[in-house]
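turn this into a structure:
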Amino acid sequence: MLTFFKYRFKSLISEKSLMFWSLLFPIILVSFFYLVFSNIGKENIFDTFNVAIVGNKENQLIKTMDEVKYDDIKTFELQYLTKEDSLNLLNQKKIAGIVEIKNNDEYELIINDNGSKQLILEEFLSNYQQKELLINDVLKNNPELLTTNWLETLTFSKDNVSNKSLSEKSNNEMIISFYTVIALSCFMSSFISANGISTIQANISKQGARLSVSPYHKRKIIIIDFIASLLIIISSVITLLIYMNFILKIEFGNHLGPILIICFVGSLVSTAFGYFLSLLFKKKEGLTIAMIIAMTMSWSFLAGMMGPSIKYIIESNLPFMKYLNPVALITDSFYTLYYYDSFAMCLPYLGALIVMFIVFITGAIMFLRGDQYDSI
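Alright, predicted model coming up:
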């Protein structure tokens with residue numbers, strides 16, 4: 001059986017297109033993100049810039065904005081205006097943006113440019129909203145954390161903002177995009193398991209026809225193929241992590257063990273997902289490939305790969321959706337580890353991923369059990 005395992009492993013890694021999508025594509029994508037995000041903060045953007053406030057100026061968000069400093073220089077100069085006056089100043093480019101406070105204390109950001117100041121403003125507000133959601137979640141599910149110094153790591157103040165570079169903080173916020181690429185890498189690697197299971201099907205490939213009359217039991221063939229696919233997927237994800245950490249110098253903190261566990265669970269779900277789709281769309285390789293790409297990219301977009309704002313909109317309005325999105329679950333596992341500094345807080349997300357694995361692998365087994373061949 002070891003000989004057959006080596007054969008399956010070599011057969012899978014010899015497929016250049018599979019290795020491109022599972023390994024090279026995520027590396028190219030994360031390199032692109034790194035080039036984009038690394039330029040943030042290189043401009044001289046730390047002068048105070050004007051922001052118009054429309055609505056309740058006693059709102060906690062507004063009070064926080066008024067306290068933010070960099071090197072003892074205020075970041076935001078707040079102007080309390082009507083919406084009409086604010087829009088006039090915005091059109092004249094005399095203010096960077098407008099923050100409108102609604103009656104329910106929700107806010108809306110209005111900008112008409114995509115410069116560095118607007119980016120800082122967007123990231124500050126996204127950061128504020130994300131931390132607000134975390135604090136509310138802790139109040140609901142883990143109030144004991146409030147007795148520790150955990151809250152101090154989340155709240156804004158004059159001191160903790162002024163001692164950090166805004167560009168550094170902005171890049172830290174962009175860590176969610178890097179986490180999403182890791183999750184995307186897991187599911188782009190579904191091509192490997194999808195190809196693996198299809199090539200051992202007797203009615204799909206000549207290789208599968210030969211295997212069906214070999215002395216190896218079908219169950220053992222499938223288990224070996226699953227292990228070989230899983231090993232390649234995990235190796236691809238770990239290679240991406242090594243590239244991000246040692247080449248791009250992206251820090252993941254002191255959580256190597258939990259990160260590897262999250263990657264393993266994500267790879268497990270990805271392998272089962274590839275099996276499920278390949279068996280669902282038998283003899284339709286093009287459709288299987290299209291579905292893997294479409295679903296993985298959609299999941300990644302909704303998980304915040306293109307920007308944290310999409311993720312927070314979904315989290316605020318459709319919180320249950322993340323439990324149907326494996327990429328979001330992997331991303332949230334990393335993000336929770338990053339902020340809570342506790343692997344235990346990741347367990348609900350990992351539990352949801354394991355449920356997905358069970359669903360995908362059960363569906364794949366049901367399709368496999370239905371296979372019968374009158375002739376090959």
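
alpha carbons only for contacts and neighbour counts from here, please
Noted.

now the end-to-end length of stretch 100-112.
15 Å (CA to CA, to the nearest Å).

got the contact list for that stretch?
Contacts with stretch 100-112, where a contact means CA atoms under 8 Å, 6 or more residues apart in numbering, come from 53-56, 59, 83, 90-91, 96-99, 118, 122.

now that stretch: buried residues?
Within stretch 100-112, the residues that qualify as buried are 100-101, 107, 110-111, counting by 16 or more other CA atoms under 10 Å.

ok, now stretch 129-138?
Across stretch 129-138, burial judged by 16+ other CA under 10 Å covers 129-131, 134-135, 138.

just put those in JSON lines and tack on secondary structure, distance to Arg8 and pLDDT.
What follows is these, written out as JSON lines (DSSP: H, G, I helix; E, B strand; the rest coil; distance: CA to CA, whole Å; pLDDT from 0 to 100):
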{"residue": "Gln129", "secondary structure": "helix", "distance to Arg8": "48", "pLDDT": "79"}
{"residue": "Gln130", "secondary structure": "helix", "distance to Arg8": "45", "pLDDT": "75"}
{"residue": "Lys131", "secondary structure": "helix", "distance to Arg8": "47", "pLDDT": "76"}
{"residue": "Leu134", "secondary structure": "helix", "distance to Arg8": "45", "pLDDT": "73"}
{"residue": "Ile135", "secondary structure": "helix", "distance to Arg8": "48", "pLDDT": "74"}
{"residue": "Val138", "secondary structure": "helix", "distance to Arg8": "47", "pLDDT": "70"}
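
among these, which one lies nearest to Leu268?
Leu134 (28.0 Å; CA to CA).

would you check how far apart the closest one and Asn103 are?
With distances defined as CA to CA, the gap from Leu134 to Asn103 amounts to 22 Å.

likewise Ile365?
With the distance defined as CA to CA, Ile365 ends up 53 Å from Asn103.

before we move on, what about Met305?
Distance, Met305 to Asn103, by CA to CA: 31 Å.

can you pull out the helices in the stretch 201-350 of the chain?
Secondary structure of the stretch 201-350 of the chain by DSSP state H, counting those that start in this stretch: the helices cover 206-212, 218-242, 256-280, 285-302, 308-317, 326-340, 347-369.

so which elements touch the last one?
When you say that, I think you mean helix 347-369. The contact analysis (3 or more CA pairs under 8 Å, 6 or more residues apart in numbering; DSSP states H and E) places helix 347-369 against helix 256-280, helix 326-340.

those: lowest mean pLDDT?
Looking over these, mean pLDDT reaches its minimum on helix 326-340, with a mean of 88.

tell me what that one is packed against?
The criterion is 3+ CA pairs under 8 Å, 6+ apart, and the helices and strands that helix 326-340 contacts are helix 175-188, helix 256-280, helix 285-302, helix 347-369.

identify all contacting residues around it.
Where contact means CA under 8 Å, 6+ apart, the residues beyond helix 326-340 that reach it are 150, 176, 179-180, 182-184, 187, 252-253, 255, 259, 262-263, 266, 296, 299-300, 302-304, 322-323, 342-343, 345-347, 349-350, 352-353, 356.

just the buried ones from these, in PyMOL syntax?
Isolation of the buried members of the contacts of helix 326-340 (16+ other CA under 10 Å) is achieved in PyMOL through the command below:
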select buried, resi 176+179+180+182+183+184+187+252+259+262+263+266+296+299+300+302+303+304+322+343+346+349+350+352+353+356
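
walk me through the domains of the chain.
Residue ranges for each domain of the chain read 2-37+174-369, 49-124+134-164, as given by automatic domain parsing.

can you tell me which of those is most buried?
Each of the domains of the chain was given a mean neighbour count from mean count of other CA atoms under 10 Å, and the largest, a mean of 19, is that of domain 2-37+174-369.

now it: how far from the chain's centre is it?
A distance of 12 Å separates the centroid of the chain from that of domain 2-37+174-369, by CA atoms, centre = their mean, to the nearest Å.

quick one, what contacts Gly304?
176-177, 180, 310-311, 328.

tabulate those residues (CSV), appending distance to Phe9.
Compiled in CSV, the contacts of Gly304 are given as follows (distance: CA to CA, whole Å):
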residue, distance to Phe9
Ile176, 32
Ser177, 31
Thr180, 27
Ile310, 38
Lys311, 37
Ala328, 29
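
those: which two are farthest apart?
Distance extremes for the contacts of Gly304: the farthest pair is Thr180 and Ile310 at 12.5 Å, using CA to CA.

now the common contact residues for these two.
Counting by CA under 8 Å, 6+ apart, the contacts common to Thr180 and Ile310 are 303-304.

would you verify that Lys93 is located in a helix?
No. According to DSSP: H, G, I helix; E, B strand; the rest coil, the state of Lys93 is coil, so it is not within a helix.
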